[in-house]
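[1] Got a predicted model here, sequence first, then my questions.
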Amino acid sequence: MPVVKPFRATRPTRDKVGLIASKPYDTYTKAQIEARLDNNPFSFLHIVNPGYKYNKEISGKERFGLVKNRFEEFKEDGSFQQDEKPCYYLHKIIYRNEIQFVGFVGAASTEDYENNSIRKHEDTLKEKVDVFTEYLKTVRFNADPVLLTFPDNAVLEGISQELMQERPEYEFTTTSRETHHFWVIGDEAIKEQIEAEFKAMQHIYIADGHHRSLSSIDLKKKLQAENETHTGYEAYNYFMGFFIPESHLRIHEFNRLVKDLNGLSKDEFLIKLDEQFKIENLKQNYYKPSKPHHFSMYLDGDFYELNLRFRNYDFHDALSRLDAQILYNTILKPILGIEDLRNNSRLEYSQGQKDMAYVKGMIDNGEFEVGFGMYPAKIDEMKTIADEGMKMPPKTTFIEPRLRSGITIYEF
């Protein structure tokens, strides 16, 4: 019975939202960040990159404090305002004039995360969680909602369709060709309906944002320990989420790039692969996997199709059936000697929108020796692994939509 609450978002004014909203900081190149900071004084990047004001690189706790200061300045000059009462928010995103995502922004319960009403499918890195927890404790706001997904729901769909007949509070298009429409849901009857529909669900699932959500749970524990009058209703008991129906998600693969063949010659490597895969050399013919348990490989100027030999592989649970795990179990670990998928300098990941043409380019220019293309995981695989209490390998899924920072901000 997940609890999803309305909250009082701090939001840009209607005239500035298109200028303020930005992609997450780590998705820009250095040159792109500098161009936006130089030419757009309202970009949210000024808040998360406060050293720009002093022409200086600032990191750690000093940076966190300045982030808070920049945010307060944006509020003081009227660029941000907080809603007077708790609301839900409906957000529609159209990518490239064709792909549409529609979901609700609300506050998810840290208790639901802890009792597994919110289910997880990815491992987290403790160091990354600890740093972000400290960041949240200092700045006291979150500008990036966790992406959560739920089974398609006719009532919530009906509410969405009805609201989308009205004029949106925001309507703007970005230079990345994303069009955003945004509605504020303040009607008490509709809010009660939305909350009741989420409560009637068995589970909801994190699609993207495992580190951010766990940081919110760690923060709640810290603040609760410091608060002698803790009631459980404080804002820190929740974190901001973008709740989207399963059918609206787009799941892409992450391809793998490896710098060497672990001391093997090309022929020795192919012979070892033959134990687990039927191999077809496609020469220069580009190949992208079209179904599960098929893999693309690019090696020494040629594309290969690798088809798993089922008789030699043990399918014993949901994780063992996942292609990213199959690649690890059959090639990366036993042949290429890569044990730790999170911390190995020989292995890098490329999200599937760059496809195998990108992998080919990286190998042809000598940065890597072999690359593997994957078939995208499905939402049912993700859910089953989460339900069974297991975790996917890192960089298994690249999920859209990718949310912008600064459209709704959750203060605590």
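    Sure, I can see it.

[2] Which elements pack onto the longest strand anywhere in the chain?
    In the chain, with assignment by DSSP state E, the single longest strand is strand 99-109. The contact analysis (3 or more CB pairs under 8 Å, 6 or more residues apart in numbering; DSSP states H and E) places strand 99-109 against strand 4-5, strand 88-95, helix 154-163, helix 188-199, strand 238-245. In short, each C-beta sits where N, CA and C put it, glycine included.

[3] Sheet partners, orientation included, of the second one?
    Here strand 88-95 has these sheet partners by DSSP bridges: strand 99-109 (antiparallel), strand 178-185 (antiparallel).

[4] Show me how this structure divides into domains.
    4-16+79-248, 252-398 (automatic domain parsing).

[5] Quick one: neighbours of the residue nearest to Thr384 when sequence neighbours are not counted, just the number.
    What sits nearest to Thr384 in space, not counting adjacent residues and going by CB to CB, 6 or more residues apart in numbering, is Ala318, at 4.3 Å. For Ala318, the neighbour count with other CB atoms under 10 Å is 20.

[6] in terms of contact, does Ala318 touch Met390 like I think?
    Yes. With contacts counted by CB atoms under 8 Å, Ala318 reaches Met390, the gap being 6.7 Å.

[7] joint contacts of the two?
    Here Ala318 and Met390 share no contacting residue, scored by CB atoms under 8 Å, 6 or more residues apart in numbering.

[8] In the stretch 301-412 of the chain, mark out all the helices, start to finish.
    In the stretch 301-412 of the chain, the helices defined using DSSP state H, counting those that start in this stretch lie at 323-327, 355-364, 379-387.

[9] wait, which of these is closest to Asn115?
    Smallest distance to Asn115 across these (CB to CB): 14.0 Å, for helix 379-387.

[10] For the closest one, which helices and strands make contact with it?
    Using 3+ CB pairs under 8 Å, 6+ apart: helix 379-387 touches strand 118-119, strand 204-208.

[11] tell me which residues of that helix are tucked away?
    Residues Ile379, Glu381, Met382, Lys383, Thr384, Ile385, Ala386 are the ones in helix 379-387 that count as buried (16 or more other CB atoms under 10 Å).

[12] Quickly name whichever of those residues is closest to Glu226.
    Looking across the buried residues of helix 379-387 and measuring by CB to CB, the closest to Glu226 is Ala386, at 31.7 Å.

[13] List the residues that contact the closest one.
    Contacts of Ala386 by CB under 8 Å, 6+ apart are Arg119, Lys120, His121, Tyr205.

[14] For those residues, which PyMOL command selects only the ones that are buried?
    This is the PyMOL syntax for the buried subset of the contacts of Ala386, where burial follows 16+ other CB under 10 Å:
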select buried, resi 119+120+121+205
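
[15] pLDDT score assigned to Met1?
    pLDDT for Met1: 88.

[16] pretty sure Phe7 is in contact with Tyr238, am I right?
    Yes. At 7.0 Å, Phe7 and Tyr238 qualify as touching, with contact defined as CB under 8 Å.

[17] which residues sit against the strand or helix carrying Ala31?
    Per DSSP states H and E, Ala31 falls inside helix 30-39. The contact list for helix 30-39 (CB under 8 Å, 6+ apart) reads Ser22, Tyr25, Tyr28, Ser43, Leu45, His46, Asn49, Tyr52.
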